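K.L.:
any chance you can model this:
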Amino acid sequence: QVQLVESGGGLVQPGGSLRLSCAASGGRFSLNVMGWYRQAPGKQRELVADITSGGTTNYGESVKGRFTISRDNTRNTAYLQMNSLKPEDTAIYYCNADYRDWTGPAPVVGRAWGQGTQVTVSS
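P.N.:
Okay, the predicted model is just below:
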């Protein structure tokens, strides 16, 4: 089973930057789309950005021009560079990945989620 571990969250002042990482591990697998979602208190989880294995990216409207998603396929890791952070970016950020697991006798297709990392933007 594929597992995702996020890192890089924390407290930052408005206008500052953070870089989140999401590393996948577990057996023999391949990753298709990897993405970042966020959920603020009292709000629904929303897409921040996603990226295909070929590098095609997609961003939520509120982060366009400020956030950049990237991935290193050799390390099974996705990144989210967040610049010009605003207080409204405060949320728990979750990584997800669509995968095909080749470990068992037959391939298993699924979607994995990380445990989340807190990002707080405040002065």
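K.L.:
how about the backbone phi and psi for the residue lying farthest from the centre of the chain?
P.N.:
Distance from the C-alpha centroid of the chain, by C-alpha atoms, centre = their mean, peaks at P105 (29.5 Å). P105 adopts backbone torsions of phi -70, psi -20, taken as degrees, to the nearest 10.
K.L.:
tell me where the protein has strands.
P.N.:
Ranges of strands within the chain are 3-7, 10-12, 18-25, 29-39, 46-51, 57-59, 67-72, 77-82, 91-101, 108-113, 117-121, based on DSSP state E.
K.L.:
can I get the ones you listed in TSV with mean neighbour count and mean pLDDT?
P.N.:
Using the backbone N, CA and C atoms, a C-beta is placed for each residue, glycine as well. Converted to TSV, the strands of the chain look like this (neighbours: other C-beta atoms under 10 Å; pLDDT from 0 to 100):
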stretch	mean neighbour count	mean pLDDT
strand 3-7	17	96
strand 10-12	14	98
strand 18-25	19	97
strand 29-39	20	97
strand 46-51	20	98
strand 57-59	15	98
strand 67-72	18	98
strand 77-82	22	98
strand 91-101	21	97
strand 108-113	13	95
strand 117-121	18	98
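K.L.:
how near is the residue farthest from the centre of the chain to V48?
P.N.:
Distance, P105 to V48, by C-beta to C-beta, to the nearest Å: 36 Å.
K.L.:
how about T74?
P.N.:
Using C-beta to C-beta, we find T74 at a distance of 24 Å from V48.
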